[in-house]
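Novice: with the sequence up front, the predicted model follows.
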Number of protein chains: 2
Amino acid sequence: MADLNHQSKRRVLVVGAGGVGTMASVALERSGMACVTAVLRSNYERVMEHGFDIESVDHGRLSGWRPTNVVNKVPTASMESPFDYVVVTMKTIPEIMNIAEIIAPSVTPNHTTIVLLQNGIYIEPPIIDAFPTNAVLSGPSYIGAHEKNGHVIHDDPDRYHLGMFHNERLDKRYERAKLEDFASAYNGSHIEHAMIVDDIIHYRWRKALWNGIFNTMCAITQLDNAAIRRSGGEYSLIRPGMVEMAAIAAADGYDLGENIVDKMVDATPIELSFRPSMLVDVDKGNPVEVEVILGNALRVARKKGVQTPILDNTYRFLKLIQTRLLVARGHIEQPKNIPTTDLI
Amino acid sequence: MADLNHQSKRRVLVVGAGGVGTMASVALERSGMACVTAVLRSNYERVMEHGFDIESVDHGRLSGWRPTNVVNKVPTASMESPFDYVVVTMKTIPEIMNIAEIIAPSVTPNHTTIVLLQNGIYIEPPIIDAFPTNAVLSGPSYIGAHEKNGHVIHDDPDRYHLGMFHNERLDKRYERAKLEDFASAYNGSHIEHAMIVDDIIHYRWRKALWNGIFNTMCAITQLDNAAIRRSGGEYSLIRPGMVEMAAIAAADGYDLGENIVDKMVDATPIELSFRPSMLVDVDKGNPVEVEVILGNALRVARKKGVQTPILDNTYRFLKLIQTRLLVARGHIEQPKNIPTTDLI
């Protein structure tokens, strides 16, 4: 394995240049410790010509900002200058895409560390399966940042927990070194964006408790976070759903604490109405991350024998809405034959 | 009690002049055995001026058609000429209306028979409570008829089961006489619209098995009957939901037969896509009949101790969507305080 040269800049590929990816690129470039190649799609032409216009709660106003390199597809890494890190910030919609396949050309075996700044629980194992010699870091983002055609409004600080997701074929000291190195580069502009934690799965379950419930239930009902609570949803669905999610986490070995449901509900004040990201996706007709946010949790529930009647039905309704969204966008065709098995 | 004079025309008030109410008025008037007073609301001016324009699979084309009387509010019955029948064809939205209060001025104690041509299960007891000396007939409509601003497209025959819903204070022979008399008037134009049955509750449960599942689940997912089956919903939600509904009916003393779920699903062919009426309501932003179609069934389930996890959650999601619809239409205000009890 190549030794890390702490004097030279890390070569970082950022795949997915929405709000999360753009602000990751900014943090990494501004630290002076990394040079970023950003893979853009719909905004490629715009950013090539004008750069990004960014209004950031962390970094102030950046006009015409560009990372070191901008490309419009995932590049094939060269032997001489492989990517040190591939940072994935795309939405994960396994019904229509395979993240491992997408990033494969840029991942150099025994060298590249893959950093998943994405939503979901247990999104790491398929990546480790696909890249058995590469370290995987995992960081569920809490950023509030929205990109549209090169314009980014970043209004909620970019803070996240970052941990290694242990690959049994690798030495934990190697993974830990990568974790600390990536965090140092991400935090190098003197903002502590990435907070290193020992067990990232704990934090992913904690986030699943909110995402798997508020996001999914607001998406189904098309009510915002405050309206769903005020309309009776807090006690009919939200809290019971969170209790089920906490039980899955507990069966998986993660005790989220006795008052976790109260804490999560209290952290979602009714005085401040907002549309959770999955509801925004439904509003826009975009597919939703139902599999990584809820499906993966329910697969753990089935394996551990946890009963989750509310989340099961939440998942079933959301999967049907997902099919509607995927068909409407032309991602899939309306199924011709009737599936005869349950979906979980 | 006034004797029924079979030689004179029955005086009938029809409350609710959408598709169902208009076609009921047509059948009753064309028989020559009834004179109808129709209560119109949004279409009152239009119909007063131009009458209804009707294209009916049962009655052909009727241009500028009017019932004997058209009024724009429920009239107060006079002592001299009370209504023999008050036919209710309105949607039932108990969150914002009380059917008994609405029809009360037109109901003469000991005389008027109330005919409920409405959706739902156990919609009759509140009417009997409000009018303890009046007979109640019950007929869940299967008509396909849509009214818009005086124009009616009636493309699915007006056939329904009609029965008495026994009021313990009344003699069953009296109720039966009213049932037969009303059916004879409704069927007098030589089309057998109303089919007299001995136990209407059986037929209402049968209809609830379809309405409580396809209507509610298509409304939540915004998928039509065929798409919800093809997208996996048939086995994840539709069939299990129907099994629960059949179990409620069975606990209530109504065995719907061993193959009822297969029969109901088969009666909803995937070759013919249509949007169930509750989904059409959601499409239009109209409130939905969640309480009488699903809520009442679940209240029976609770009383009889039947477990209905899928229908419970269906109800909870639909109640939240209902709140959204009611708030958006200005029928209710967004609740200020968070309800702390479950909704069933």
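Specialist: Right, received. Where do you want to start?

Novice: quick check: residues of chain A near chain B?
Specialist: Counting by C-beta under 8 Å from any C-beta of the partner chain, chain A comes close to chain B at A:217, A:220-223, A:227-237, A:270, A:309-310, A:313-314, A:316-317, A:319-321, A:323-324, A:327, A:334-343. To be clear about C-beta, it is placed using only N, CA and C from the backbone, and glycine gets the same treatment.

Novice: buried ones among these?
Specialist: Neighbour counting by 16 or more other C-beta atoms under 10 Å in any protein chain shown classes A:217, A:220-223, A:227-237, A:270, A:310, A:313-314, A:316-317, A:319-321, A:323-324, A:327, A:343 among the residues of chain A next to chain B as buried.

Novice: so of those, which ones are in helices?
Specialist: A:217, A:220-221, A:227-228, A:310, A:313-314, A:316-317, A:319-321, A:323-324, A:327 (DSSP state H).

Novice: farthest pair within the residues you listed?
Specialist: A:Ala227 and A:Val327 (27.7 Å; C-beta to C-beta).

Novice: now the lowest-mean-pLDDT helix or strand in chain A: buried residues?
Specialist: When the helices and strands of chain A are scored by mean pLDDT, DSSP states H and E, strand A:144-148 comes last with a mean of 88. Across strand A:144-148, burial judged by 16+ other C-beta under 10 Å covers A:Gly144, A:Ala145, A:His146, A:Glu147.

Novice: okay if I get the residues you listed as JSON lines plus distance to A:Ile96?
Specialist: Shown next, in JSON lines, are those (distance: C-beta to C-beta, whole Å):
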{"residue": "A:Gly144", "distance to A:Ile96": "26"}
{"residue": "A:Ala145", "distance to A:Ile96": "24"}
{"residue": "A:His146", "distance to A:Ile96": "22"}
{"residue": "A:Glu147", "distance to A:Ile96": "21"}
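
Novice: among these, which two are most distant?
Specialist: Longest span within the buried residues of strand A:144-148, C-beta to C-beta: A:Gly144 and A:Glu147, 11.8 Å.

Novice: who touches both of those two?
Specialist: Residues touching both A:Gly144 and A:Glu147 (C-beta atoms under 8 Å, 6 or more residues apart in numbering or on different chains) are A:Gly19.

Novice: in the stretch 151-300 of chain A, which spans are strands?
Specialist: Listed in chain order, the strands found in the stretch 151-300 of chain A under DSSP state E, counting those that start in this stretch are A:151-156, A:160-164, A:194-196.

Novice: quick one: pLDDT of A:Ser25?
Specialist: Predicted confidence (pLDDT) for A:Ser25: 96.

Novice: was I right to think it contacts A:Pro67?
Specialist: Yes: using C-beta atoms under 8 Å, A:Ser25 is in contact with A:Pro67, at 4.5 Å.

Novice: give me the common contacts of the two.
Specialist: Jointly contacting A:Ser25 and A:Pro67 under the rule C-beta under 8 Å, 6+ apart are A:Val14, A:Val36, A:Ala38.

Novice: is it true that the last one lies in a strand?
Specialist: Yes: remark: A:Ala38 belongs to a strand, assigned using DSSP: H, G, I helix; E, B strand; the rest coil.

Novice: which residues touch it?
Specialist: Contact analysis of A:Ala38 by C-beta under 8 Å, 6+ apart lists A:Leu13, A:Val14, A:Ala17, A:Gly21, A:Thr22, A:Ser25, A:Val47, A:Pro67, A:Asn69, A:Val70, A:Val71.

Novice: how near is it to A:Gly18?
Specialist: In this view, A:Ala38 and A:Gly18 are 11 Å apart by C-beta to C-beta, to the nearest Å.

Novice: show me how chain A divides into domains.
Specialist: A:10-198, A:201-328 (automatic domain parsing).

Novice: with distance to B:Thr92 added, can I get the ones you listed in JSON lines?
Specialist: Shown next, in JSON lines, are the domains of chain A (distance: least, C-beta to C-beta, whole Å):
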{"stretch": "domain A:10-198", "distance to B:Thr92": "39"}
{"stretch": "domain A:201-328", "distance to B:Thr92": "20"}
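
Novice: what stretches of chain A score poorly on pLDDT?
Specialist: Within chain A, the ranges that satisfy pLDDT under 70 run A:1-7, A:342-344.

Novice: all the helices of it, in order from the start?
Specialist: Under the criterion DSSP H, chain A contains helices at A:19-30, A:44-50, A:99-103, A:125-130, A:172-186, A:200-210, A:216-221, A:225-228, A:239-251, A:260-266, A:277-284, A:290, A:296-304, A:309-328.

Novice: packing partners for the fifth one?
Specialist: The elements that helix A:172-186 packs onto, with contact taken as 3 or more C-beta pairs under 8 Å, 6 or more residues apart in numbering or on different chains; DSSP states H and E, are strand A:10-15, helix A:19-30, strand A:113-116, strand A:136-138, strand A:160-164, strand A:194-196.

Novice: do that again at 6 Å, thanks
Specialist: helix A:19-30, strand A:160-164, strand A:194-196 (3 or more C-beta pairs under 6 Å, 6 or more residues apart in numbering or on different chains; DSSP states H and E).

Novice: likewise the first one?
Specialist: Secondary structure elements in contact with helix A:19-30, counted by 3+ C-beta pairs under 6 Å, 6+ apart, are strand A:10-15, strand A:34-39, strand A:144-148, strand A:151-156, helix A:172-186.

Novice: partner strands of the shortest one, with direction?
Specialist: Pointing back at strand A:144-148 there. Here strand A:144-148 is paired, per DSSP bridges, with strand A:151-156 (antiparallel).

Novice: put the alpha carbons of the partner strand into PDB.
Specialist: Only the C-alpha atoms of strand A:151-156 are listed here, as PDB (Å, rounded to 0.1, in the frame of the first residue of the first chain):
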ATOM      1  CA  HIS A 151     -26.300  28.200  -7.200                       C
ATOM      2  CA  VAL A 152     -25.900  26.900  -3.700                       C
ATOM      3  CA  ILE A 153     -27.700  28.100  -0.600                       C
ATOM      4  CA  HIS A 154     -25.900  26.600   2.400                       C
ATOM      5  CA  ASP A 155     -27.900  27.700   5.400                       C
ATOM      6  CA  ASP A 156     -27.300  24.900   8.000                       C
END
